[in-house]
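Student: with the input below, show me the fold.
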Amino acid sequence: SSNYFGDMLKKETGKTPQEYIQEKIIEVAKDRISGTQDTVSQIAYSLGFQYPQHLSRMFKRVTGYTPNEFRSQN
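Tutor: Model prediction:
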């Protein structure tokens, strides 16, 4: 069940399913931001975001940088 899955994931990783998924999305976004010339909007849409601002907000909350700040540093 979904509750069992969530409990097991929390036990193994210490993270909720939402935290785990967001972490993986940010990892992929970081790779694409630093490894391609795609725009942040293109990356956001390719990751399934309806609006690029949602990726930018989540990225800043998790990393402390906007996607463009991250790109300019790497």
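Student: and the spatially closest residue to residue 49 that is not a sequence neighbour, what element?
Tutor: Using CB to CB, 6 or more residues apart in numbering and skipping the chain neighbours, the partner closest in space to residue 49 is residue 55 (4.8 Å). C-betas here are computed from N, CA, C, even on glycine. In this assignment (DSSP states H and E), residue 55 forms part of helix 52-63.
Student: try residue 11
Tutor: Per DSSP H and E: helix 2-13 holds residue 11.
Student: off-centre distance for that helix?
Tutor: From the chain centre to the centre of helix 2-13 is a distance of 20 Å (CA atoms, centre = their mean, to the nearest Å).
Student: ok, now stretch 42-54?
Tutor: That offset, for stretch 42-54, works out to 10 Å (CA atoms, centre = their mean).
Student: may I have that stretch exported as PDB, CA atoms only?
Tutor: The C-alpha coordinates for stretch 42-54 follow below in PDB (Å, rounded to 0.1, in the frame of the first residue of the first chain):
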ATOM      1  CA  GLN A  42      12.800  23.800 -21.200                       C
ATOM      2  CA  ILE A  43      14.300  21.900 -18.300                       C
ATOM      3  CA  ALA A  44      11.200  22.500 -16.100                       C
ATOM      4  CA  TYR A  45       8.800  21.300 -18.800                       C
ATOM      5  CA  SER A  46      11.000  18.300 -19.500                       C
ATOM      6  CA  LEU A  47      10.800  17.400 -15.800                       C
ATOM      7  CA  GLY A  48       7.000  17.600 -15.800                       C
ATOM      8  CA  PHE A  49       6.400  21.000 -14.300                       C
ATOM      9  CA  GLN A  50       3.400  22.900 -15.700                       C
ATOM     10  CA  TYR A  51       5.100  26.300 -15.000                       C
ATOM     11  CA  PRO A  52       8.800  26.900 -14.900                       C
ATOM     12  CA  GLN A  53       8.400  29.100 -11.800                       C
ATOM     13  CA  HIS A  54       7.500  26.000  -9.800                       C
END
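Student: other residues contacting that stretch?
Tutor: 25, 28, 29, 32, 33, 36, 38, 40, 41, 55, 56, 67 (CB atoms under 8 Å, 6 or more residues apart in numbering).
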